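S.K.: could you work out the structure for the sequence below:
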Amino acid sequence: MAISKQQKEELVEQYKKWVAESDGLILANYTNLSVKDISGLRKEVRDIGGEFHVIKNTLAKRAFEEIGREFEEGIFLGPTALGVSYENPTGLAKVLKKFSKDTGTIEIKSGYLADRLMTVEEIVAMADLPSFTEMRAKLLATIAAPASQLVRTLAEPGRSLAAVLKARSEQEIAA
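M.R.: Prediction:
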């Protein structure tokens, strides 16, 4: 079913909006993706604050050109989907990499971190990074470790004195 010129223009504007508002994009080739699979993938991507859409290649190419985004030649060939991140580009990369590994129906083609074009290898490396929550926990543990050690060191003489006094009082009671 053909779409009208007005619908094409609306799609180009929607694609441009996704590109402009995102902090990360991943273009992927999808094959043999069932409705159940795509619904599950969309839910996972939504859970990390993003969107996942099947796009029309010629219209997407036009949107990227109009916005001034560079892209690799041949990226807009074959069945193409667009993962859009609004707040967690690492999470988007993790979800798509895991889905690709689990089902084999998604192949990452290219992507962007903000305005920077990324290779597949860079996207996979980003997916292997710890999550923001994990990084925050590690940072807090690193910051808190010296303070905890200082408190234990300062408390140790008092603890030792209390143990000596307790042992002495138990000796006197026993005698």
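
S.K.: now do the helix or strand of the chain with the lowest mean pLDDT: which elements does it pack against?
M.R.: Scoring the helices and strands of the chain by mean pLDDT, DSSP states H and E places helix 132-174 at the bottom, with a mean of 80. When contacts are defined as 3 or more CB pairs under 8 Å, 6 or more residues apart in numbering; DSSP states H and E, helix 132-174 packs onto no helix or strand at all. Yep, even glycine has a C-beta here, placed from its N, CA and C like the rest.

S.K.: and it, how far out from the chain's middle?
M.R.: The chain centroid and the centroid of helix 132-174 are separated by 38 Å under CA atoms, centre = their mean, to the nearest Å.

S.K.: and if you look at stretch 44-53?
M.R.: 10 Å.

S.K.: residues touching that stretch, excluding its own?
M.R.: Here stretch 44-53 makes contact (CB atoms under 8 Å, 6 or more residues apart in numbering) with 18, 38, 41-42, 81-88, 91-92, 94-96, 99.

S.K.: do that again at 7 Å, thanks
M.R.: If you take CB atoms under 7 Å, 6 or more residues apart in numbering as the criterion, stretch 44-53 is touched by 41-42, 81-88, 91-92, 95.

S.K.: which of the residues you listed count as buried?
M.R.: 41-42, 81-85, 88, 91-92, 95 (16 or more other CB atoms under 10 Å).

S.K.: still on that earlier bit, any chance of the contacts of stretch 44-53 in JSON lines, plus pLDDT?
M.R.: Formatted as JSON lines, the contacts of stretch 44-53 follow (pLDDT from 0 to 100):
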{"residue": "Leu41", "pLDDT": "93"}
{"residue": "Arg42", "pLDDT": "94"}
{"residue": "Ala81", "pLDDT": "94"}
{"residue": "Leu82", "pLDDT": "95"}
{"residue": "Gly83", "pLDDT": "95"}
{"residue": "Val84", "pLDDT": "95"}
{"residue": "Ser85", "pLDDT": "93"}
{"residue": "Tyr86", "pLDDT": "91"}
{"residue": "Glu87", "pLDDT": "87"}
{"residue": "Asn88", "pLDDT": "86"}
{"residue": "Gly91", "pLDDT": "90"}
{"residue": "Leu92", "pLDDT": "93"}
{"residue": "Val95", "pLDDT": "94"}
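
S.K.: show me the two of the residues you listed that sit farthest apart.
M.R.: Ala81 and Glu87 (19.7 Å; CB to CB).
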